[in-house]
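1. Have a look at this prediction, sequence included:
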Amino acid sequence: MSTLSENNDLATTLFSKTRRGILSLLHGHADEAFYLRQIVRAIGVGLGSVQRELKQLTGAGIIRRAVRGRQVYY
């Protein structure tokens, strides 16, 4: 039988703080689109680490990337 704290430990073990923040934000607001700087501000981590994680997550097909004009949304 698992508890919430065990699930939290599992997420902490499997995913970095940045990846957890991105997935939580994007999947928690699946009906919205966010651009890079919005994500950085919302999860409170560095720009470079967010860029790396977004590249990996989009490459794996876990999240979608859309270009609208000069903005890129996730």
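-> It's in.
2. shaky segments in the chain?
-> Residue ranges of the chain with pLDDT under 70: 1-8, 10-14.
3. I'd say residue 66 and residue 73 touch.
-> Yes - taking C-beta atoms under 8 Å as the definition, residue 66 is a contact partner of residue 73 at 4.8 Å. Any C-beta I mention is one placed from the backbone N, CA and C, and that applies to glycine too.
4. the more surrounded of those two?
-> Ranked by neighbour count (other C-beta atoms under 10 Å), residue 66 and residue 73 place residue 73 first, with 15 against 9.
5. Quick check: phi and psi on the more buried one?
-> Main-chain dihedrals, residue 73, degrees, to the nearest 10: phi -110, psi 150.
6. okay, now the closest residue to it other than its chain neighbours: neighbour count?
-> For residue 73, ignoring the flanking residues on the chain, the nearest one in space by C-beta to C-beta, 6 or more residues apart in numbering is residue 33 at 3.8 Å. Counted by other C-beta under 10 Å, the residues lying close to residue 33 total 16.
7. residues in contact with residue 33?
-> Listed by C-beta atoms under 8 Å, 6 or more residues apart in numbering, the contact partners of residue 33 are 66, 73, 74.
8. and what of residue 44?
-> residue 21.
9. Surely residue 72 and residue 34 touch.
-> No - between residue 72 and residue 34 no contact is recorded; they are 10.0 Å apart, counting by C-beta under 8 Å.
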